[in-house]
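J.: need the 3D shape of this:
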Amino acid sequence: MHSSIILSKNADEFIFRELKVSDGKNLGSFFLNLSVNTKSKFGPHPLTMECANELCHVIGATNIQRFIAVKGEEIAGYFILDFNKYNNEIARYQRNAIILDSGLDPIFAPCIADKYQNNGIASSAMSLIIKIAQQANLRRIVLMGGTQEPNILARSFYSKFGFKEYGTFYTDYNQLNNIDMMLELSSI
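T.: From the prediction side, this is the model:
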């Protein structure tokens, strides 16, 4: 089980670790306390207490690795590496002559609690996720659903870690253009 200490910009310590079965209540609180704006940028599953309990209940029984950054009982960040096949992601990347393999190219979805955004936690966690992916001999990390085109902060964040932009697409979910972003692990 992965577990590391990460630091925020103001030197607060958080534990970065895999989600546990016992984290359901805390994950649910994390979901419920996200702002409408943050929720609008994160959509891999419902952000409810019921969903949090279900996600924790099925740990180890899915093709998804879930990680959290936690301080005491409070979850500051939630991160997904999803090894399932998503035809919409595959089709979009095929238009750019990139063939995704769900076993080698997981879909990545991060979320940071509002009060911890822009505090360095996502950067510390991203470095660990890249390291975990490299140790597992993964080929790429694909940002789930890309990022919203007007979200310059997110685009800059991912670019800082070597993610490249691969084209735009429109979704009814957020009624915006989104930009596919992917990290080639062999390039870092």
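J.: quick one, strands of the chain?
T.: 3-7, 13-18, 64-71, 74-82, 107-112, 140-143, 147-148, 164-171, 176-184 (DSSP state E).
J.: ok now the last one, how far from the chain's centre?
T.: What that stands for is strand 176-184. 13 Å (C-alpha atoms, centre = their mean, to the nearest Å).
J.: strand partners of it, parallel vs antiparallel please.
T.: strand 140-143 (antiparallel), strand 147-148 (antiparallel), strand 164-171 (antiparallel) (DSSP bridges).
J.: single out the most deeply packed of these.
T.: Counting by mean count of other C-beta atoms under 10 Å, strand 140-143 has the highest mean neighbour count of these, with a mean of 24. C-beta here means a position set from N, CA and C on the backbone, and glycine is covered the same way.
J.: quick one: contacts of that strand?
T.: Strand 140-143 has contacts (C-beta atoms under 8 Å, 6 or more residues apart in numbering) with 81, 89, 93, 100, 104-109, 129-130, 133, 158, 163, 180-185.
J.: put the buried members of those into a ChimeraX selection.
T.: The buried residues among those can be selected in ChimeraX (16 or more other C-beta atoms under 10 Å) with this line:
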select :81,89,93,100,105,106,107,108,109,129,130,133,158,163,180,181,182,183,185
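J.: can you pull the contacts of the residue lying closest to residue 38 once chain neighbours are set aside?
T.: Nearest residue to residue 38 in three dimensions, chain neighbours excluded: residue 114, at 5.5 Å (C-beta to C-beta, 6 or more residues apart in numbering). By C-beta under 8 Å, 6+ apart, residue 114 lies in contact with 33, 34, 35, 37, 38.
J.: who touches the fourth one in this structure?
T.: Contacts of residue 37 were listed using C-beta under 8 Å, 6+ apart, and they are residue 114.
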